[in-house]
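**Student:** got a structure for you, letters missing:
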């Protein structure tokens, strides 16, 4: 491709992105409104809108604006042509979600197992089987699959190898290459990413504070990780290992962490650590957390004390992130959101006590509203973000 052609493609992708982004935020709206909101001229809008209608990414509606003079035909997103699949592998089981290009949910499946003791090969078999079912279900609707992304709770390098997933008992497992083989190398993109990175994407695209350009999402499940959005872009780092805040050493004489080190934040502030502090059964983490909520709601002093201690430790990690990255928002997800009523006051106290900048640098802490599907939702967002960037399949 010549430099001139490449430059034209970049400009067109930028313009497509601007139009799709405006529609996602403001639809239904008129061509004139798009022109006014994007700054693109009328001829460019006419050309791009025609192209997007032909590709079934947007459509005209029968609605009209209430204004003086001839009513204008409005435009809205059309989800009939494309869809994205997001999956999560966790100690709780497997999740698969698919959204169309307009953000409409096509499917949402969850199955328990294989679980930590199953090993990566057995988990791969179950994951690929669920992925094939999801692919078939999406294709049966007549939509083209934009991509499939799988979230994993651990270190994932840029090649899709799970370097370490302590909660699953995995180390150096080439998940992406083996998943590609199991799916017979589909024509669409297949990727593997850290669960916290994808959760941050979900918050940025779909959460109550969507569009916050500097946010951090902290996941609390079997592990403790952070996904970072910096200036509107996912922060990835050199090899993709950003956000392992759970393995900051905060208590040198503290308990042994799942990673083998002693005194990590995860070892004192993670959900399994809270469960151990209360001497509860960890076989069914969800049931145990529900029991903790019930006891805390009833005012059980031992439970409330343990929650406050966990919140204080977690707050130390939040303050470190605020000092390092100066986010506008830190969102607590997973079981941290479930337990937020008791954790949040202690987290905020530590944040404001330990953050160097006045008023914690403007950082707020909020509880996620996206539930336990957040990683799979973020996996969907990863593929749809490519579409919104103007990279439309031929």
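**Tutor:** Yep, that arrived. For clarity, every value in this text was computed on a predicted model and none was experimentally measured. Numbering: from 1, shown residues only.
**Student:** what about the helices in the stretch 201-350 of the chain?
**Tutor:** Secondary structure of the stretch 201-350 of the chain (DSSP state H, counting those that start in this stretch): helices at 265-269, 271-277, 285-297, 301-325, 335-338, 340-354.
**Student:** can you lay out those as a markdown table showing mean pLDDT, distance to residue 100 and mean neighbour count?
**Tutor:** The way it works is simple: take the backbone N, C-alpha and C, and place the C-beta from them, glycine included. Listed next are the helices of the stretch 201-350 of the chain as a markdown table, based on pLDDT from 0 to 100; distance: least, Cβ to Cβ, whole Å; neighbours: other Cβ atoms under 10 Å:
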| stretch | mean pLDDT | distance to residue 100 | mean neighbour count |
| --- | --- | --- | --- |
| helix 265-269 | 95 | 37 | 26 |
| helix 271-277 | 92 | 33 | 21 |
| helix 285-297 | 93 | 29 | 16 |
| helix 301-325 | 97 | 34 | 20 |
| helix 335-338 | 96 | 27 | 24 |
| helix 340-354 | 97 | 31 | 18 |
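**Student:** residue 256 contacts residue 267, correct?
**Tutor:** Yes - using Cβ atoms under 8 Å, residue 256 is in contact with residue 267, at 6.7 Å.
**Student:** among the helices of the stretch 201-350 of the chain, which comes closest to residue 124?
**Tutor:** Proximity to residue 124 (Cβ to Cβ) singles out helix 285-297 among these, at 22.9 Å.
**Student:** what is the closest one packed up against?
**Tutor:** Under the contact criterion of 3 or more Cβ pairs under 8 Å, 6 or more residues apart in numbering; DSSP states H and E, helix 285-297 touches helix 271-277, helix 301-325, helix 335-338.
**Student:** and the most centrally placed residue in the chain, helix, strand or coil?
**Tutor:** The centroid of the chain falls nearest to residue 199 when counting by Cα atoms, centre = their mean (2.3 Å). Judged by DSSP: H, G, I helix; E, B strand; the rest coil, the three-state class of residue 199 is helix.
**Student:** let's have the helices of the stretch 201-350 of the chain in TSV, adding distance to residue 381.
**Tutor:** Putting the helices of the stretch 201-350 of the chain into TSV (distance: least, Cβ to Cβ, whole Å) gives the following:
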stretch	distance to residue 381
helix 265-269	25
helix 271-277	24
helix 285-297	24
helix 301-325	21
helix 335-338	18
helix 340-354	23
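**Student:** residue 34: which of these is closest?
**Tutor:** With Cβ to Cβ, the closest approach to residue 34 among the helices of the stretch 201-350 of the chain belongs to helix 301-325: 34.4 Å.
**Student:** can you tell me how far the residue nearest to the centre of the chain is from residue 117?
**Tutor:** 25 Å (Cβ to Cβ, to the nearest Å).
**Student:** do residue 328 as well
**Tutor:** From residue 328 to residue 117 the distance is 41 Å (Cβ to Cβ).
**Student:** those two: which is more packed in?
**Tutor:** Applying other Cβ atoms under 10 Å to residue 328 and residue 117 shows that residue 328 carries more neighbours, namely 15 against 10.
**Student:** wait, the more buried one touches residue 213, no?
**Tutor:** Yes - the pair residue 328 and residue 213 passes the contact test of Cβ under 8 Å, sitting 7.3 Å apart.
**Student:** isn't there a helix covering residue 125?
**Tutor:** Yes - Residue 125 forms part of a helix when assessed by three-state DSSP.
**Student:** tell me, how many residues neighbour it?
**Tutor:** Neighbour tally, residue 125, other Cβ under 10 Å: 14.
**Student:** which residues are in contact with it?
**Tutor:** Neighbour list for residue 125: residue 182 [criterion: Cβ atoms under 8 Å, 6 or more residues apart in numbering].
**Student:** quick check, pLDDT for it.
**Tutor:** In the predicted model, residue 125 carries a pLDDT score of 97.
**Student:** could you do residue 71 as well?
**Tutor:** pLDDT, residue 71: 65.
**Student:** do residue 5 as well
**Tutor:** At residue 5, pLDDT is 45.
**Student:** now the one 3 residues further on
**Tutor:** In the prediction, the pLDDT value recorded for residue 8 is 52.
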